[in-house]
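[1] Could you look at this predicted model? Sequence included:
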Amino acid sequence: MAKLRHIAVVVKDLEKSAKFYEEAFGLKRVGAEELEFAAGIYLSDGTINLALLNYKGESGSGLKDAGKFVGAHHFGFLVDDIAQAQERIEAAGGTFFFDLGKSVDDVNFERKFKDPDGVIFDISAKGWLV
């Protein structure tokens with residue numbers, strides 16, 4: 001059974017938002033990165049990874065209005081086997097979006113999909129920083 005372990009939220013100010021979640025809920029900062037298409041700060045409660053993101057454009061975000069969008073963007077499931085999960089997802093009507101990371105064996109590797117309504121979600125065999 002897959003386990004929900006990752007939620008990604010697009011915010012206007014990464015540092016301001018990270019500070020809010022750290023102070024308001026006691027979340028711990030577990031990472032940060034600057035990618036070609038986005039910047040992110042990662043927080044955790046020890047089980048769930050909360051990614052605070054700033055997208056630079058449509059690439060990676062799937063949003064035509066990426067510069068204006070703020071709010072919940074995608075969520076992620078920890079799965080036992082990426083290939084088997086992908087088969088089930090596609091059989092149920094989901095479509096592959098893209099891979100984020102180099103190897104399915106890496107922590108933070110995500111295989112991204114869209115559900116039949118276009119909602120973005122990802123799967124990972126190793127999970128996210130917690």
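    Noted; the coordinates are in hand.
[2] Can you point out the buried residues in the strand or helix carrying residue 59?
    Element membership for residue 59 (DSSP states H and E) is helix 58-61. Neighbour-count burial for helix 58-61 flags 60-61 (criterion: 16 or more other Cβ atoms under 10 Å). C-beta: built from backbone N, CA, C; applies to glycine.
[3] next one: stretch 68-82
    Counting neighbours by 16+ other Cβ under 10 Å, one finds that the buried residues in stretch 68-82 are 73-79, 82.
[4] Let me know the average pLDDT across the lengthiest helix in the chain.
    In the chain, assigned by DSSP state H, the helix with the most residues is helix 14-25. Here helix 14-25 scores 96 as its mean pLDDT.
[5] Other residues contacting it?
    Here helix 14-25 makes contact (Cβ atoms under 8 Å, 6 or more residues apart in numbering) with 9, 11, 27-29, 39-41, 43, 45, 50, 52-54.
[6] Now residue 98: closest residue in space, sequence neighbours ignored.
    Excluding its sequence neighbours, the residue lying closest to residue 98 (Cβ to Cβ, 6 or more residues apart in numbering) is residue 112, at 5.4 Å.
[7] Assign that neighbour to helix, strand or coil.
    Here residue 112 takes the strand state, with states given by DSSP: H, G, I helix; E, B strand; the rest coil.
[8] where does it land on pLDDT?
    On the pLDDT scale, residue 112 gets 96.
[9] quick one: contacts for it?
    Residue 112 makes contact with 74, 96-100, 120-122, according to Cβ under 8 Å, 6+ apart.
[10] Strands of this structure, start to end?
    For the chain, the strands defined by DSSP state E occupy 3-10, 28-34, 38-44, 49-55, 71-78, 95-100, 110-114, 120-124.
[11] ok and the fourth one relative to strand 3-10, angle-wise?
    For strand 49-55 and strand 3-10, the angle between their directions (axes from the mean of the first three to the mean of the last three Cα atoms, to 10 degrees) works out to 30 degrees.
[12] Now do strand 49-55 against strand 71-78, angle only.
    Put simply, strand 49-55 runs at 140 degrees to strand 71-78, going by the same axes, to 10 degrees.
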